[in-house]
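S.K.: For reference, the sequence and a predicted model appear below.
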Amino acid sequence: MKPLPPAYGWIDDLRPLPRMLEEARKLYGTFEVVGPADNPAILGWAKETGLAKIYNDDAIPWCGLFMAVVPKRAGRPIVEGPLWARNWAKFGNPADRAQLGDILVFRRGQGSGHVGLYVGEDYGAFHVLGGNQSDGVTITRIARDRCIAIRRPTYRKAPASAKPVQLAANGVLSPNEA
């Protein structure tokens with residue numbers, strides 16, 4: 001696994017993690033290939049999730065594809081139409097306050113969206129582990145006021161780590177996750 005930035009190194013010391021976050025963590029540091037080539041790992045996610053017929057180029061927005069492979073590997077259901085980020089607002093159960101491992105859905109301009117997993121928050125932003133953030137699986141800060149849905153997996157018993165996490169407001173806010 002690629003190392004996390006120092007501000008998020010605590011994630012690797014926390015166990016047990018929510019299963020979806022554990023699976024997402026394994027993919028941290030995956031990036032698109034620069035130029036016309038594609039990253040075979042990203043295209044492999046499309047095959048693994050049965051989306052290869054409609055997803056065949058890593059230049060196509062892939063935050064929803066990332067979110068499809070994460071719950072699949074964690075033994076969770078995938079929403080219908082997973083490549084459309086806003087469809088993840090139908091996943092699991094709604095939550096009023098985000099906690100570690102929840103799915104966050106964000107609005108973007110022109111009716112599009114973005115989706116990723118909550119790893120923490122500060123006074124003005126959520127810290128999100130997601131795909132297609134600066135062309136890779138990264139952790140980025142996204143303004144709270146862009147969040148349109150907080151969705152929680154159904155747990156028989158939630159791991160003790162599944163709770164809100166307060167973080168310092170380090171780094172710039174993402175204006176556009178692509």
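M.R.: Received, thanks.

S.K.: Only C-alpha atoms from now on, for both contacts and neighbour counts.
M.R.: Noted.

S.K.: Please identify the helix or strand for the residue most central in space within the chain.
M.R.: Nearest residue to the geometric centre of the chain (Cα atoms, centre = their mean): residue 116, 2.3 Å. Here residue 116 is covered by strand 113-121, with elements defined by DSSP states H and E.

S.K.: Run through who's touching the biggest helix by length in the chain.
M.R.: Longest helix in the chain, counting residues (DSSP state H): helix 63-73. Applying Cα atoms under 8 Å, 6 or more residues apart in numbering, the set of residues contacting helix 63-73 from outside is 20-21, 23-24, 45-46, 48-49, 77-79, 82-85, 88, 114-116, 130-133.

S.K.: Just the ones in strands from the residues you listed, please.
M.R.: Counting by DSSP state E, those place 114, 115, 116, 130, 131, 132, 133 in strands.

S.K.: Run through the residues that contact the residue lying farthest from the centre of the chain.
M.R.: Distance from the C-alpha centroid of the chain peaks at residue 36, with 24.8 Å (Cα atoms, centre = their mean). Residues counted as contacts of residue 36 (Cα under 8 Å, 6+ apart): none.

S.K.: A helix includes it, no?
M.R.: No - read with DSSP: H, G, I helix; E, B strand; the rest coil, residue 36 is coil and lies in no helix.

S.K.: and it, how far is that from residue 62?
M.R.: With distances taken as Cα to Cα, to the nearest Å, residue 36 is found 16 Å from residue 62.

S.K.: For this structure, just list every one of the helices.
M.R.: In the chain, the helices defined using DSSP H lie at 19-27, 40-48, 63-73.

S.K.: Residue 56 is nearest to which of the ones you listed?
M.R.: Checking these against residue 56 by Cα to Cα gives helix 40-48 as the closest, at 6.3 Å.

S.K.: Pull up the distance across stretch 142-155, start to finish.
M.R.: End residues of stretch 142-155 are separated by 26 Å (Cα to Cα).

S.K.: Sorry, wrong one. I was asking about stretch 28-45.
M.R.: Stretch 28-45: ends 14 Å apart by Cα to Cα.

S.K.: next one: stretch 28-46
M.R.: For stretch 28-46, the end-to-end distance is 17 Å (Cα to Cα).

S.K.: Pull out the buried positions in that stretch.
M.R.: Buried positions in stretch 28-46, judged by neighbour count with 16 or more other Cα atoms under 10 Å: 28, 29, 30, 31, 32, 38, 42, 43, 45, 46.
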